[in-house]
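In: quick one, structure for this:
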Amino acid sequence: MSKDIDWDTVPDEDIHETLLERIVGLSEFCPDIVNKVVGKVCEKTKKIGQAAFYYGSNGIWILTTSFVIVALPYTVVRELHELEKSEQQTRQAMLLGPQKIQK
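Out: As a prediction, the model looks like this:
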């Protein structure tokens, strides 16, 4: 009970094609050399994208680990130094009184 549809009589708005179906349909109209060139361009684009992702992710990894190794210890030491300084000022305030703190 399948209906044979005459696609020439169906309006273009009623035909729903996927992108892949349209590309395959267009590739039938192009010469083989165009299909080969487009295929190679797509392959090169894919390889460039993969290389960019690989080197980009490695670059982010290098920057992150460098920050952890170089900058993080410096910030921890600086915070400890500031904490020690504030504790010393607190001790002086307790021993000498609040009027001696102002310098």
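
In: helix, strand, or coil at residue 63?
Out: Three-state call for residue 63 (DSSP: H, G, I helix; E, B strand; the rest coil): helix.

In: looking at this protein, which helix or strand is least sure?
Out: Least confident helix or strand, the chain: helix 19-29 with a mean of 83, by mean pLDDT, DSSP states H and E.

In: chain center to it, what's the gap?
Out: Put simply, helix 19-29 sits 32 Å off its chain's centre (C-alpha atoms, centre = their mean, to the nearest Å).

In: what sits up against that helix?
Out: For helix 19-29, contacts defined as C-beta atoms under 8 Å, 6 or more residues apart in numbering pick out 17, 35. Just so you know, the C-beta spots here come from the backbone N, C-alpha and C atoms, and that holds for glycine as well.

In: where does this structure dip in pLDDT?
Out: 1-2, 13-14, 98-103 (pLDDT under 70).

In: now the helices for it?
Out: Along the chain, counting by DSSP state H, helices occupy 19-29, 32-66, 72-96.

In: for residue 35, grab the count of nearby residues.
Out: Residues lying near residue 35 (other C-beta atoms under 10 Å) number 13.

In: who touches it in this structure?
Out: Residue 35 makes contact with residue 27 under the criterion C-beta under 8 Å, 6+ apart.

In: measure it to residue 92 for me?
Out: 83 Å (C-beta to C-beta, to the nearest Å).

In: let's have the helices of the chain in JSON lines, adding distance to residue 3.
Out: Formatted as JSON lines, the helices of the chain follow (distance: least, C-beta to C-beta, whole Å):
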{"stretch": "helix 19-29", "distance to residue 3": "20"}
{"stretch": "helix 32-66", "distance to residue 3": "34"}
{"stretch": "helix 72-96", "distance to residue 3": "71"}
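
In: and the angle for the least confident helix or strand of the chain with helix 32-66?
Out: Angle, helix 19-29 to helix 32-66, by axes from the mean of the first three to the mean of the last three C-alpha atoms, to 10 degrees: 140 degrees.
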